[in-house]
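Pasting the sequence and the predicted coordinates here, then a few questions.
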Amino acid sequence: MVEDTLKKIARRIMALDEETLISLVPKYRKRMEKFEPTAEWEESVIIYFIINGYRIKNTQFNDLIQGYIEEQKKKNPNEDWAISRPDLRLIK
């Protein structure tokens, strides 16, 4: 039950806009640095570390993906391992 809840939280965090999350870091850092024995202070600490955990995950992913692609290219030299965005079109 606890793990399922944590997985749901992780999925919801990953679905959020990264720039918006990162823009909240200073706000929660300030709240965290001003200790008060309240639930709001505790929440601000957890939010601060959730956002930073997300940032660390992204940094690790970006650092490791290139090595992964190079490894896959060696194993399967005939496959195209380029990372590309999907072709999108504007629908009015």
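Looks like it arrived, so ask away.

what residue lies at the spatial centre of this protein?
Tyr54 (3.3 Å; C-alpha atoms, centre = their mean).

Pull the contacting residues for that residue.
Contacts for Tyr54 (C-beta atoms under 8 Å, 6 or more residues apart in numbering) come out as 13-14, 18, 21. From N, CA and C alone the C-beta is placed, and that goes for glycine too.

which stretch of helix or strand covers it?
Assessed by DSSP states H and E, Tyr54 sits inside helix 39-75.

roughly how far apart are the residue nearest to the centre of the chain and Ala39?
22 Å (C-beta to C-beta, to the nearest Å).

and what of Phe61?
32 Å.

follow-up on the earlier one: now the helix holding Tyr54, how far from the chain's geometric center?
Relative to its chain's centre, helix 39-75 lies at 5 Å (C-alpha atoms, centre = their mean, to the nearest Å).

Now do the phi/psi pair for the residue of the chain positioned farthest from its centre.
The centre of the chain is farthest from one residue, Asn78, which by C-alpha atoms, centre = their mean lies 31.7 Å away. The phi/psi pair for Asn78 (degrees, to the nearest 10) reads phi -90, psi -10.

what pLDDT does it get?
pLDDT recorded at Asn78 is 74.

Ok, Asp63 next?
With respect to pLDDT, Asp63 scores 84.

quick one: average pLDDT of stretch 17-26?
90.

in it, what's buried?
Leu21 (16 or more other C-beta atoms under 10 Å).

And stretch 28-45, end to end?
With C-alpha to C-alpha, to the nearest Å as the measure, stretch 28-45 spans 7 Å from end to end.

Show me which residues of it are buried.
So for stretch 28-45, counting by 16+ other C-beta under 10 Å, buried means 28, 31-32, 44-45.

Let me know the closest of the residues you listed to Val2.
In terms of C-beta to C-beta, no member of the buried residues of stretch 28-45 lies closer to Val2 than Val45, at 19.3 Å.

Many thanks, I have nothing further to ask.
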